[in-house]
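A.B. asks: no sequence for this one, just the structure:
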Ligand code: CTP
């Protein structure tokens, strides 16, 4: 697979009988031209030796956190930055649990924690361990963090039992990584723009009209697009969210600023308008603080509808325009109206009358209405999971 050529892969081998298969993973990756650095957990050393790994990979093998030898050459942060991607194979129930809880007590868990790269996990464990509720919960958490799980397979295990938990075959894992890198390369040429968060429409120097949007859904979509290789610009109203490294973040306050930033960053292949843009601004914004007795002086005027402007632009319309609809009632009717009136390809509608989803929640439940009259009603899920689903649909559409 040519996509693996010259790619830097950090392989973390945990302590399980499947560790011997990791040697085959190294061999296959090397055959495809990848550069591999390896971390062995303490337990992994009971199954394979650092020497065999070093001989196969032709690279140094790392084992200890804060060993003066390692840290002077490449510390745990540089190691996590060095990689194009991280693969944990085999991933034991213990390591999966540690990463999901943030228990970072060895080099492997610390590097994964410090990483800003995509992490792939190939679990290997006994079927009962695999099916344990605690393991399932941990995996769910990791998936929500954006980690990708490869396998495991069902079959006869080293312990003699039969069931799900066998690590996927090395060839399958290597192909999986190759396909991911191929997708990344394809998407790399694609540009995405996302608007997110609320806007603040100033009345005077100290007061403004705004709304409850947290920006979480838009930020998650931007994260997922970026992780899938898109050149991503996020135009964000004032929110309390961490910036995502690698994304071109443009901070704005008012709808006019959001409009200007949007137009300055076109053309793009896909635009997702998740911002809760203020519908009105103050026409006669005061230079000094408005006295309460003079409130009747205030005049409102409509803001430009950014989504509408962009999706009807004869030169700069993105290939795919995705709008959102925040509705408290008649969700389907209102969304379909927006789909047509705003000339969108898709409208993602959420019910903002419910407190357990929408604005400030980490969860969302949406319906997607497509231009071809079809619709999808998705169940309630984490905003991060929903973002990944939306982005998968964007990728299928653009490719
Ligand atoms: N939108 C926009 N610019 C505006 C207003 C809305 O880009 N000035 C976009 C939003 O980002 C969203 C979509 O239009 O993708 C729908 O926003 P919504 O607030 O649901 O609807 P409105 O058009 O504002 O209509 P209403 O408030 O009457 O429901």
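C.D. replies: Perfect, I can see it now. Since we're looking at a predicted model, the values are computed, not measured.

A.B. asks: distance of residue 186 from residue 82?
C.D. replies: Using CB to CB, to the nearest Å, we find residue 186 at a distance of 24 Å from residue 82. Any C-beta I mention is one placed from the backbone N, CA and C, and that applies to glycine too.

A.B. asks: same deal with residue 312?
C.D. replies: Per CB to CB, residue 312 is found 46 Å from residue 82.

A.B. asks: same thing with residue 31?
C.D. replies: Counting by CB to CB - residue 31 and residue 82 are separated by 21 Å.

A.B. asks: So for these two, which sits in the more crowded spot?
C.D. replies: Using other CB atoms under 10 Å, the more surrounded residue of residue 31 and residue 82 is residue 82, with 15 against 11.

A.B. asks: The stretch 51-200 of the chain against the ligand: which residues are in contact?
C.D. replies: When proximity is defined as CB under 6 Å from any ligand atom, the stretch 51-200 of the chain approaches the ligand at residue 195.

A.B. asks: Under the pLDDT cut-off, which ranges of the stretch 51-200 of the chain? List them.
C.D. replies: 65-74 (pLDDT under 70).

A.B. asks: mind listing the strands for it?
C.D. replies: 61-62, 85-91, 118-123, 148-149, 153-156, 162-166, 191-196 (DSSP state E, counting those that start in this stretch).

A.B. asks: which other helices and strands contact the third one?
C.D. replies: Right, strand 118-123. Strand 118-123 makes packing contacts with strand 85-91, helix 93-101, strand 148-149, helix 170-188 when contacts are defined by 3 or more CB pairs under 8 Å, 6 or more residues apart in numbering; DSSP states H and E.

A.B. asks: do the fifth one as well
C.D. replies: Packed against strand 153-156 by the contact rule (3+ CB pairs under 8 Å, 6+ apart) you find strand 162-166.

A.B. asks: partner strands of the strand it packs on, parallel or antiparallel?
C.D. replies: strand 153-156 (antiparallel) (DSSP bridges).

A.B. asks: which residues sit against the strand it pairs with?
C.D. replies: Contacts of strand 153-156 with the rest of the structure, by CB atoms under 8 Å, 6 or more residues apart in numbering, involve 162-169.

A.B. asks: do the same with stretch 344-351
C.D. replies: 274, 307, 311, 320-328, 331-332, 334-336, 338-339, 357-358, 364-371, 390, 397.

A.B. asks: ditto for stretch 121-131
C.D. replies: Identification of contacts with stretch 121-131 by CB under 8 Å, 6+ apart yields 16-18, 87-93, 96, 135, 139, 142, 147-152, 157, 159, 161-168, 173.

A.B. asks: got the end-to-end distance for stretch 313-326?
C.D. replies: Stretch 313-326 has an end-to-end distance of 23 Å (criterion: CA to CA, to the nearest Å).

A.B. asks: again, but for stretch 299-313
C.D. replies: Length of stretch 299-313, first residue to last, CA to CA: 29 Å.

A.B. asks: Check the average confidence over that stretch, would you?
C.D. replies: For stretch 299-313, mean pLDDT is 96.

A.B. asks: List the buried residues in that stretch.
C.D. replies: By 16 or more other CB atoms under 10 Å, the buried positions in stretch 299-313 come out as 303, 305-308, 310-311.

A.B. asks: can you check stretch 259-276 too?
C.D. replies: By neighbour count on 16+ other CB under 10 Å, the buried set for stretch 259-276 is 259, 261-262, 265-266, 268-276.
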